[in-house]
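[1] Just the structure for this:
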Amino acid sequence: MDQLNPSDSIPAKEETPPAPDRRRSMDVGNTDLPMYATFPHPVYGAIDFVGWIFLHGFAGGSAFHFVRGLCRGSPGGGGRRLAAGVRAALANAPGVAGKFAATFAVFSAIEGAVTLARPRDDSLNSVAAGAATWGLHGLRRRGAPAAAVSALLGASGVVAIMGIDRAVMDWHCRVKDRLRQKRMADAGLLPWIPPPPPPKLDDEFLLD
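    Model (predicted):
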């Protein structure tokens, strides 16, 4: 009589695949994702993004209105000008910060909706969100013609900001890599290879 192996009578446990990680990549080179997409839940990321914009708007509005208050203050002396600058910053900075936060809250909501509708995470989502946000802003103020112009300006602004951000990130990564290689070369871990010079344009290329 054959002896039964205990492992034969127990069904093998099926391995369940790991749950997908909803967190996005935080690589500095990955600029196609929204800047608030590095959180486990998009709502928390959008709240953090709007709060970050509110702080920047408050800082920028405070500086602008403080300098404006200094220039327009009473000519009675430095103390009165300083007080006028402080009063102007306290009176106007919260409103500037609130407008910035409200605008970018609409922007992040539209971008999230476009991302879910496509569904892809790339630069077109941000461009569409910028066009829709500033188009709605222009429509609320001056009607359909102004909305079209505002949408075009909003999309162009988002494209310009994303291009500048990508260029700065690429430059920063190149500088960090160059410094890391130089430190390793100074420590004797690898030979130091200087970066190649930028290519020169010859006269024939310029004439063409």
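[2] pLDDT weak spots in the chain?
    For the chain, applying pLDDT under 70 flags the ranges 1-42, 73-78, 189-208.
[3] the helices in it, which residues?
    Per DSSP state H, the chain carries helices over the ranges 6-9, 42-72, 78-117, 123-142, 144-186, 203-207.
[4] Need the winner for burial among those.
    Highest mean neighbour count of these: helix 123-142, a mean of 19 (counted as mean count of other CB atoms under 10 Å). Backbone N, C-alpha and C define where each C-beta goes, glycine included.
[5] who's in contact with the closest residue to residue 82 other than its chain neighbours?
    In space, residue 82 comes closest to residue 70 once its chain neighbours are excluded; the distance is 7.1 Å by CB to CB, 6 or more residues apart in numbering. Residue 70 is in contact with 81, 82, 84, 85, counting by CB atoms under 8 Å, 6 or more residues apart in numbering.
[6] Could you dump the residues you listed into CSV with distance to residue 100 added?
    Formatted as CSV, those follow (distance: CB to CB, whole Å):
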residue, distance to residue 100
81, 27
82, 26
84, 24
85, 21
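[7] Which pair of these spans the longest distance?
    82 and 84 (7.3 Å; CB to CB).
[8] Distance of residue 168 relative to residue 125?
    21 Å (CB to CB, to the nearest Å).
[9] Check residue 109 too.
    Counting by CB to CB, the gap from residue 109 to residue 125 is 12 Å.
[10] Same check on residue 136?
    Taking CB to CB, one finds residue 136 at 17 Å from residue 125.
[11] ok, now residue 148?
    Residue 148 is 21 Å from residue 125, where distance means CB to CB.
[12] which residues sit in contact with the residue nearest to residue 159 when sequence neighbours are not counted?
    Spatially, and ignoring its direct neighbours in sequence, residue 159 is nearest to residue 127 (6.0 Å; CB to CB, 6+ apart). Neighbour list for residue 127: 155, 158, 159 [criterion: CB under 8 Å, 6+ apart].
[13] Dump those into JSON lines; add distance to residue 62 as well.
    Putting those into JSON lines (distance: CB to CB, whole Å) gives the following:
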{"residue": "155", "distance to residue 62": "30"}
{"residue": "158", "distance to residue 62": "26"}
{"residue": "159", "distance to residue 62": "29"}
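[14] if we take these, which one ends up nearest to residue 95?
    residue 158 (24.0 Å).
[15] so how far is residue 106 from the nearest residue to that closest one once chain neighbours are set aside?
    Sequence neighbours aside, residue 130 is the residue nearest to residue 158 in space, at 3.5 Å (criterion: CB to CB, 6+ apart). Residue 130 sits 11 Å away from residue 106, going by CB to CB.
[16] The residue nearest to residue 158 reaches residue 154, doesn't it?
    Yes. Residue 130 is in contact with residue 154 according to CB atoms under 8 Å; the separation is 4.2 Å.
[17] Residue 53: what's it in contact with?
    Per CB under 8 Å, 6+ apart, neighbours of residue 53: 100, 101, 104.
[18] is it possible to export those to TSV including distance to residue 55?
    Formatted as TSV, the contacts of residue 53 follow (distance: CB to CB, whole Å):
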residue	distance to residue 55
100	9
101	9
104	12
